[in-house]
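Peer 1: Quick one, structure for this:
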Amino acid sequence: MKFILFIFFAQCLSISVFGQKSATPQRILRLENNQTNSVNEKQHRKAIQEELQGTFQFQIDQESYSAVITTELLERIKGERLQSEDVYFEIDEFINVFIPSYQKINATSFIPLATILYIH
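Peer 2: The predicted structure follows:
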């Protein structure tokens, strides 16, 4: 009886393992597609970062916390800048983003901001 249960269990396990192997190439193809998109997104993000360099700031409330800079976030920063008013918005409970106005960043006295400022 134990032998029959062992054979049944082994067959179920082998079907499960072979079924997973056939699904693996699809996952790899999706990853390759994502990586291709990711390279384009990284280039786009890098271009936006260079354009915005020194003109926005993450203000982080905890030193052990870090910010993930996504393309969507950079696009939001770029889109929310106002002509004569500074903008602040909250990413989460520990991170705020400061975006100085066009008027401030175009002034000759403007000093580029550090990307991250830890507030204690």
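Peer 1: use CA for all of it now, contacts and neighbours both
Peer 2: Noted.
Peer 1: dump the residue contacts of the closest residue to residue 113 other than its chain neighbours.
Peer 2: Counting by Cα to Cα, 6 or more residues apart in numbering, residue 54 is the residue found nearest to residue 113 once chain neighbours are left out, at 4.5 Å. Residue 54 sits next to 112-115 when contact means Cα atoms under 8 Å, 6 or more residues apart in numbering.
Peer 1: Among these, the buried ones, what's the PyMOL command?
Peer 2: Buried subset of the contacts of residue 54, written as a PyMOL selection, criterion 16 or more other Cα atoms under 10 Å:
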select buried, resi 113
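Peer 1: ok, of the contacts of residue 54, which one's closest to residue 91?
Peer 2: residue 115 (14.7 Å; Cα to Cα).
Peer 1: so the closest one makes contact with residue 56?
Peer 2: Yes. The criterion here is Cα atoms under 8 Å, and residue 115 meets it with residue 56 at 6.5 Å.
Peer 1: sorry, back to before: specify which member of the contacts of residue 54 is nearest to residue 95.
Peer 2: Among these, residue 115 lies closest to residue 95 (Cα to Cα), at 12.2 Å.
Peer 1: check contacts around the closest one.
Peer 2: Contacts of residue 115 by Cα under 8 Å, 6+ apart are 53-54, 56-58.
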